[in-house]
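[1] sequence and predicted structure are below.
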Amino acid sequence: MTTIDALPARRGALVEAAIRLLSEGGPTAIKARTVTAEADLTTMALYSAFGGMPGLMTAVVEEGFARLDARMRTIAPSDDSIADLFSMAIECRRFAIDNPHLYDLIFGTESRDAARGKLLAGADAPSTEETSYQQSFATVANACDRAIKSGRVRSSSGRHLAAQLWSLVHGYISLELSGHFAGFGDPVEEVLIPLAVSFMTGQGDDRDKALSSTTKTKV
């Protein structure tokens with residue numbers, strides 16, 4: 001998994017600078033000259049480290065997924081696997097609210113999605129090393145495996161269940177971030193929890209148990 005600390009100093013400085021600029025000014029703030037100025041490096045350093053802006057943005061996306069995965073991994077497995085999954089969903093939401101531009105870059109449909117597409121497919125990763133996207137998805141899939149083994153839900157595999165949850169959670173988050181739930185007093189309580197309960201019930205869980213599991217998480 002890529003992390004800032006694991007990158008050579010110049011590469012790490014440039015990725016960190018790009019993420020800061022993204023946070024402060026959105027994607028239009030990220031240009032070769034602004035990133036290198038923020039990192040106190042020359043434009044040549046950027047091209048030497050990444051070959052250009054597309055390479056840098058691929059590294060930013062990689063780092064974004066690594067940070068998201070780190071947040072999800074703060075949820076320690078408990079005796080309630082459904083509560084664990086909902087806690088991970090809430091942690092994803094917190095990450096998105098704390099880092100809206102970075103979240104939109106790694107999950108959205110902005111102009112830089114070509115670099116993201118290569119990353120998601122693993123095209124830029126050595127065959128023996130997963131991308132941080134693949135590792136973040138595996139974190140969810142492993143949690144789903146635990147839910148299946150608990151007998152609470154039915155699915156052919158944790159990976160298949162994770163793909164459905166990934167779609168549900170990030171679909172909800174994208175809609176909330178874009179303001180579609182502005183008319184709700186508490187969109188988590190009024191939208192996400194009922195959605196999660198209905199999903200788990202559809203997967204075979206008892207509705208009352210599913211509702212109880214979702215209320216164990218501090219939103």
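    It's in.

[2] hey, let's count contacts and neighbours off CA atoms from now on
    Will do.

[3] the closest residue to Arg207 other than its chain neighbours: how many residues sit nearby?
    Excluding its sequence neighbours, the residue lying closest to Arg207 (Cα to Cα, 6 or more residues apart in numbering) is Thr201, at 5.5 Å. The number of residues packed near Thr201 is 19, by other Cα atoms under 10 Å.

[4] in this structure Thr201 contacts Asp208, no?
    No: Thr201 is not in contact with Asp208 according to Cα atoms under 8 Å; the separation is 9.1 Å.

[5] any idea which element the residue nearest to Arg207 lies in?
    helix 193-202 (DSSP states H and E).

[6] list the contacts of that helix.
    86, 153, 207, 210-211, 214 (Cα atoms under 8 Å, 6 or more residues apart in numbering).

[7] returning to that earlier point: now the residue nearest to Arg207: how far from Lys209?
    Distance of Thr201 to Lys209, given as Cα to Cα, to the nearest Å: 9 Å.

[8] cool, Ile148 as well?
    Counting by Cα to Cα, the gap between Ile148 and Lys209 amounts to 15 Å.

[9] repeat that for Asp40.
    Distance of Asp40 to Lys209, computed by Cα to Cα: 54 Å.

[10] repeat for Leu21
    In terms of Cα to Cα, Leu21 sits 44 Å off from Lys209.

[11] do the same with Arg67
    In this view, Arg67 and Lys209 are 31 Å apart by Cα to Cα.

[12] comparing those two, which residue is more hemmed in?
    For Arg67 versus Lys209, the count of surrounding residues by other Cα under 10 Å is larger for Arg67: 19 against 16.

[13] got phi/psi on the more buried one?
    Main-chain torsions, Arg67, degrees, to the nearest 10: phi -70, psi -40.

[14] check the residue sitting nearest the centre point of the chain and give its pLDDT.
    Centroid-nearest residue in the chain, with Cα atoms, centre = their mean: Leu68, separated by 4.4 Å. We have a pLDDT of 96 for Leu68.

[15] which element is Glu62 on?
    Per DSSP H and E: helix 53-72 holds Glu62.

[16] output the contacting helices and strands for that helix.
    For helix 53-72, the contact count by 3 or more Cα pairs under 8 Å, 6 or more residues apart in numbering; DSSP states H and E identifies helix 9-25, helix 43-50, helix 81-98, helix 100-107, helix 113-120, helix 132-149 as packing neighbours.

[17] as JSON lines, those with mean pLDDT, distance to Asp186 and mean neighbour count would be great.
    JSON lines is the format used below for the helices and strands packed on helix 53-72 (pLDDT from 0 to 100; distance: least, Cα to Cα, whole Å; neighbours: other Cα atoms under 10 Å):
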{"stretch": "helix 9-25", "mean pLDDT": "93", "distance to Asp186": "25", "mean neighbour count": "19"}
{"stretch": "helix 43-50", "mean pLDDT": "91", "distance to Asp186": "43", "mean neighbour count": "16"}
{"stretch": "helix 81-98", "mean pLDDT": "97", "distance to Asp186": "14", "mean neighbour count": "22"}
{"stretch": "helix 100-107", "mean pLDDT": "92", "distance to Asp186": "19", "mean neighbour count": "21"}
{"stretch": "helix 113-120", "mean pLDDT": "48", "distance to Asp186": "32", "mean neighbour count": "17"}
{"stretch": "helix 132-149", "mean pLDDT": "95", "distance to Asp186": "25", "mean neighbour count": "20"}
